[in-house]
Structures are given as C-alpha cells and as structure tokens.
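In: structural data only, the sequence is not supplied:
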C-alpha cells in the first residue's frame, strides 16, 4: 500500500475496484498508512440525521440492535455509509500518525474534525460502541480512521466549545464562497439570513466590503432574531459594540423593516422566498435587486425568487440542497435573466479558518449559532 | 392594459393573480398590445416532446381528439402549457405589431422564433388546427401570440433552412456561456462533443482562444463523426478547408485517439462520462485536467467525472438537464475540489446570433447539425 497510494484513496477501494471511495461498496480500513495518509484515533461519530433516523426506525429504537446495525455496516463496508440512505456523517478524533508526504499539515496529538463525508472515509471501530446509548446521532466510540492526501480535516480550536465549532464547520463552505464572489460596494441579498449558513454568509459579505446587505427571513420571529440576536431573549447580558439598544418596542411596518439596528444586515425583508414576485418586489423596495444573491434556506422552490431579486449581470449562489437544477436553469431562461448561477461548493480552500474567524469576531453570529446549537 | 404593463407579463396573469406567467393557470391572450409588447402572427407551434407524447398516448393517437385537446388547453389557459407535463415548447411566426416601447428590436414582417417557453407566452389559435394531422409535435396553425418586454425572440435568418436554424436556437445558450467563460490559452473539455450543444460549445471554445479542446464521446461511432463530420459518411462531397484528408483508414488505439485530424477538437477521448476515474484518467492522458469542462450530455451521473477532469481553480459548466444539484455540490466537497460550478443558463445576451454565426462559419458543426436534424 505504501508505494502506489492515490490522493483520492483509490488504493483503499476493495469492491468494486476502480471506483471512487464514496461509490465503493467496501474499503480497506487497515491501520497501516501510506506515505501521504494520516491515521486518526476516533472518539466520536456524528451520523447523518437521515441515516440515524432510518436505522432507529428499522430497529424500533432497540439500542442493542441499533448498535449492532452500525457495527455491522462499518465491519462490512470499512466505512460508515448507510446502505439505505447512502449517507454518512462526520467524525472527531485525534491525529495518531502522519505520513511523511501528507499535504494536510496535521501533527500528532491535534484534535480534528473531518470535513469530508464518512461515506468515503476508511473506518474501524474497536470498542463495540459500548459507550453509545443508540438514542442519538452522536456516537462516542473508539477506533481509527484514515485521511487521504485530498481529504479535508479542520483542527478544532481551543477557544470554542466543540459543538459550536462543529456547527460552524458544517456550513463553512457558504461564507467562504460568498467572501470570494462578493466585491466591494456590492448589494447582497441573503435568503435565510437568520440561519447558520445565512448569518455566516451575511458576515462574510460585510467582510468583503458589501455596500448593503439585505437579509430575507420568512417570519417576524426570525426578523427579531436578526434585529437583535444578542439582546432579544436574554436581556443582552453579554453586551456588544454592534448590537445597539434594544429596539423591540418601536412600532414597525408589518412586512418590511428598515433595520439600521441589525448588527448583521442593513435591511430586513420578511417575505416568502418561494413567491418570486413578492420577494423581488420587497427586495427592490429596500435597495435591490442584488449584485449577489445567496440562497441559504433548505426549502424547495426558491430559484425564481432568487433569480428575479438579482440584477442583470449579477450572481446567484445556491447553497440549499433543496435547489432544483432544472428549475434554476429554466427559470433564468424564462425570465430572460442574464445571471451567473453557482452551485454552492462545500469546499473552498481556507473555508474552516474563515468561518471560525467570523464566529470569533462577530458576536451577533456567534449568538445566533449558540441559540441554534442549544435548541 | 396599456398603462401598467410589466416587462415580465404580470399584467397578463388572470389566475391566480400575482404569480409569474409561467406559474399561472390562465393568461389573458387578448390581441391588443401594451406599449412594450409585440404581437406575433403564429404559423407553427413546436410542442415539447414530452408534452406531445403525453397527449398522443392519452388519446391513443386519435387525431381529432389530439387536436381538440390542444385547442382546449390553449382556449382554457391562454397559453400552450400541458397541465400534466407542465411543459410547453416554442413557436415561429411573423411580427404583426410592435409597441412603441418594446425593447426587443423587432420590426413588422420579420420571421421569428420565440426563445422563451410557450408555458409563459399568451397564445390564441384561430384555425381550429385544421392543417395539423396530430401525428407530430410540429403544429402548423394560425393565431397570435404576445411577447413581453423581457421575452426573447430570434429573427430567423434568410440563409439557413428553418429546421436547421431552430435546432441551433434550441441550444444556443451553451456556446454563448462557453464563449464567456473560456479564456485565451485555456484547456477545455467538452463532454458530449459530437452532439448539438457540444459541437457548438467546442467551436465557441476555439473562438474564445482555447489552447486545447478535448472532446469526450461515449463510442467509436461518435468519435468518427467528430474526426470527420463532413466526409465520414457521404464521401466528403461538400469539401471543407478544415476537414483535411479522410483519416478513416489509419489504425487507431482503441480508447484514446490523438486527433489533429478533427476539425472541431484537438483531442478525442472515448470514455464513459459516468465513471469519474476512467474519464479523468483519459482526459489527463491527452493534456487535461481542464481549465473549463462543459457537460453537454443528457445522462445522469456525470457530475463526479466532470469535477475530477477539472483543475483546482477551474470551472465546470453543467448544461445537461440530467444534472443533479446535490451530486455536484456533494461530489465537489467529497473530492476536495476547488472548482466553480455553473448552472447552464439558457439565456446569455446575444446567444442566438453567436450560435447562428458559428453554424455559418464552421462547416464541421453545420454538418453535424444537418445529420442530426435529418435523422
């Protein structure tokens, strides 16, 4: 294994031969590493929610059977890829051994999270999952995993709680691509601005020098989170240079709230993002259409509204996995919209550091994340 | 209607009010035009293939019932949008009246084709479809249609047969976006290079100054079309400055054919585009990975191969309607591929003229189209 390793892990594919690790039925999860590989001592799996739900329902919540099912998948396939859902998850652990040719820059002893899916990560479990109660997708365990030269892992920061850091890393592609696409002076619309990827993308747009950031949310409740994420529900005890005074008592128009008071966006629009005419109309009323529109809500049917809220010559970045390729392509054509439409790629070099940096620097984003992690 | 027209045609929406014309159940197809509208005297509908198939099967091929079904849809909805398939088609006709504020640049008497879908085009039929045999999606008819300010129509050229021009206009977004994205000196991979959008995109890449164009095809038969589209099957009677001598007799390797002899691409790769490892390996062997990869085959599962055939920092343009948004997004992340992924927008300003210009200038593309239109 040491002489002919592939950066994509092709040398670990046992069955069927010649496919990518993600498409493989079975991987070689042997602990001996190639010169460009890294071995991780695993301490926790974070199963994909759909995968865990399928297993729990298949075994009616019986912890012994659920444990046995996960152990069987990992033993059989050499990776934790649910054969029914096709999905995996991620893991955390400690760097155990680094091959001399690994380009990942890791050092033994570092605590890391993998940012590539468990569906392509060679994995072995050695503790029979004895510490897992089978009731949550968080799986404490012992074992090892292998990173290839082209895998992605993030060193977990010392200064942030692990659940917070993992929540940030889960969506770190969105702010990184937003940062890359937005240019100084741009008008930016964030659809779903009070969510995790949305709030990070709003902060990234500001960092990129956007002249105006318009945050779209579906309800007054989400709008008030955006208006005052720090003070809204806990009296603002943590304080912030950007949060300003509590604005909750000021009367507001029902649908469009001019919001210099939001620390995250310049304007807040309450609209149904699935209604193109409503969305574009309200966005235009507060300074749109946008140079760049970022779609961060996992709701089907937002393609037309995003396209119509964007200037001719502008760009739409679709991060929602509910995006329909054909609805976007045909929608733009039907609207004679000359917009560049990007499929949100979860990988941008430096994405983890950029997102962790934003969560440290922007208290409003951190507070939004802490609320969502807690709930 | 004349004072409050919307460039998107919102003023023509009767039911439900407030939605875009494509989403509407019923449009106002009245012949009186607003100041920014254009009325077309329709001579032919080109029904979407899926729509025609559904209607033909629903009425077991009975011509009277098929005619009645189409007439009923148009009379009820004010547009030809099949309520089962949701799809429409396009039309050809002659410009009858142009409102003084229309930005489309049309003149009465011009023969045009609409490049926006029938699903959003107000339409009335006045001849009871008496000239249509109900056996083909080509529907000769009399009636009128309305173009909005933001509709798209192309003037049919005098120097090209109408079926050829329509086939070119059908895919004209692909070469236009390729032309925009490819920069001088780029290595370009065209997946499906012997097809309609693929051959036009290859020609557009050359026009943009690509250093090398690599054409991917699935079979030796497609490869030989690409090698010598003009001479391959009809003895080259039409001649061409670019076709060169007939190369069919020279022995070739089975899978990778170095092809200075192709008038359309610099290298031909025969590979299954659904196999990422095979595709990327063969593309790399002839000068890849690409700066720009253009996916023009309507086959599911080509996302990973396209991503893996593209350099870090490069761009993939997906024109195939079989593209899966999530397969592309997750595939790039799983491969740690820093590639920009574009949803192929069918509308780019000037797209019709650019494609018609290519078909006139590049005999090899024209010949490929003539073969496909004839078959």
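Out: Arrived safely. In this text, all values refer to a predicted model and were calculated from it rather than measured experimentally.
In: shaky segments in chain A?
Out: A:1-3, A:231-261 (pLDDT under 70).
In: can you tell me the centre-most residue of it?
Out: residue A:171 (1.8 Å; CA atoms, centre = their mean).
In: could you check how far that residue is from chain B?
Out: To chain B, residue A:171 is 12 Å away according to CB to the nearest CB, to the nearest Å. All C-beta spots, glycine's among them, are computed from the backbone N, C-alpha and C.
In: list the residues that contact the residue nearest to that residue when sequence neighbours are not counted.
Out: Leaving aside its chain neighbours, residue A:171 sits nearest to residue A:197 (4.0 Å; criterion: CB to CB, 6 or more residues apart in numbering or on different chains). Shown in contact with residue A:197 (CB atoms under 8 Å, 6 or more residues apart in numbering or on different chains): A:171, A:174, A:175, A:296, A:319.
In: my guess is the first one meets residue A:196, correct?
Out: What that stands for is residue A:171. Yes - with contact defined as CB atoms under 8 Å, residue A:171 reaches residue A:196; the gap is 5.0 Å.
In: next, the buried residues of stretch A:133-144.
Out: Neighbour-count burial for stretch A:133-144, counted by 16 or more other CB atoms under 10 Å in any protein chain shown, picks out A:134, A:137, A:138, A:139, A:140, A:141, A:142, A:143, A:144.
In: what are the ranges of the strands in the stretch 201-350 of chain A?
Out: A:212-217, A:256-258, A:267-270, A:290-295, A:310-318, A:340-343 (DSSP state E, counting those that start in this stretch).
In: select, out of those strands, the one closest to chain B.
Out: When these are compared by CB to the nearest CB, strand A:340-343 sits nearest chain B, at 4.0 Å.
In: packing partners of that closest one?
Out: Counting contacts by 3 or more CB pairs under 8 Å, 6 or more residues apart in numbering or on different chains; DSSP states H and E, strand A:340-343 packs against strand A:310-318, helix A:325-334, helix B:325-334, strand B:340-343.
In: dump the residue contacts of residue A:71.
Out: Contacts of residue A:71 (CB under 8 Å, 6+ apart): A:125, A:128, A:129.
In: so it sits in a strand?
Out: No - Residue A:71 is assigned helix when assessed by DSSP: H, G, I helix; E, B strand; the rest coil, not a strand.
In: what distance do you get for it to residue A:31?
Out: Distance of residue A:71 to residue A:31, computed by CB to CB, to the nearest Å: 18 Å.
In: cool, residue A:58 as well?
Out: Where residue A:31 is concerned, residue A:58 sits at a distance of 30 Å (CB to CB).
In: again with residue A:22
Out: As judged by CB to CB, residue A:22 and residue A:31 stand 21 Å apart.
In: out of the two, which sits in the more crowded spot?
Out: More neighbours sit around residue A:22 than around the other of residue A:22 and residue A:31, counting by other CB atoms under 10 Å in any protein chain shown; the figures are 25 against 14.
In: just confirm the more buried one is within a strand.
Out: No - residue state for residue A:22 (three-state DSSP) corresponds to helix; a strand is not indicated.
In: quick one: it and residue B:333 touch, right?
Out: No - the criterion here is CB under 8 Å, and residue A:22 misses it with residue B:333 at 10.4 Å.
In: okay, and the common contacts of these two?
Out: In contact with both residue A:22 and residue B:333: residue A:117, using CB under 8 Å, 6+ apart.
In: in a markdown table: the strands of the stretch 201-350 of chain A, plus mean neighbour count.
Out: Below are those laid out as a markdown table (neighbours: other CB atoms under 10 Å in any protein chain shown):
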| stretch | mean neighbour count |
| --- | --- |
| strand A:212-217 | 28 |
| strand A:256-258 | 18 |
| strand A:267-270 | 25 |
| strand A:290-295 | 29 |
| strand A:310-318 | 21 |
| strand A:340-343 | 24 |
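In: okay if I get these as a markdown table plus distance to residue A:368?
Out: Shown next, in a markdown table, are the strands of the stretch 201-350 of chain A (distance: least, CB to CB, whole Å):
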| stretch | distance to residue A:368 |
| --- | --- |
| strand A:212-217 | 11 |
| strand A:256-258 | 17 |
| strand A:267-270 | 14 |
| strand A:290-295 | 16 |
| strand A:310-318 | 20 |
| strand A:340-343 | 24 |
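In: tell me which of these lies nearest to residue B:352.
Out: strand A:310-318 (17.1 Å; CB to CB).
In: list the helices and strands that closest one packs on?
Out: Under the contact definition 3+ CB pairs under 8 Å, 6+ apart, strand A:310-318 sits against helix A:173-181, strand A:290-295, helix A:303-308, strand A:340-343.
In: how far away from the center of its chain is it?
Out: Taking CA atoms, centre = their mean, to the nearest Å, one finds strand A:310-318 lying 22 Å from the centre of the chain it belongs to.
In: swap in stretch A:19-26?
Out: Distance, centroid of stretch A:19-26 to centroid of chain: 23 Å (CA atoms, centre = their mean).
In: cool, stretch A:359-366 as well?
Out: The answer for stretch A:359-366 is 16 Å, by CA atoms, centre = their mean.
In: now swap in stretch A:310-325 and tell me
Out: Taking mean C-alpha positions (CA atoms, centre = their mean), stretch A:310-325 and its chain are 17 Å apart.
In: endpoints of that stretch, how far apart?
Out: 18 Å (CA to CA, to the nearest Å).
In: hmm, back to that, what's the closest of the helices and strands packed on strand A:340-343 to residue B:283?
Out: Closest approach to residue B:283 among the helices and strands packed on strand A:340-343 is made by helix B:325-334 (16.2 Å; CB to CB).
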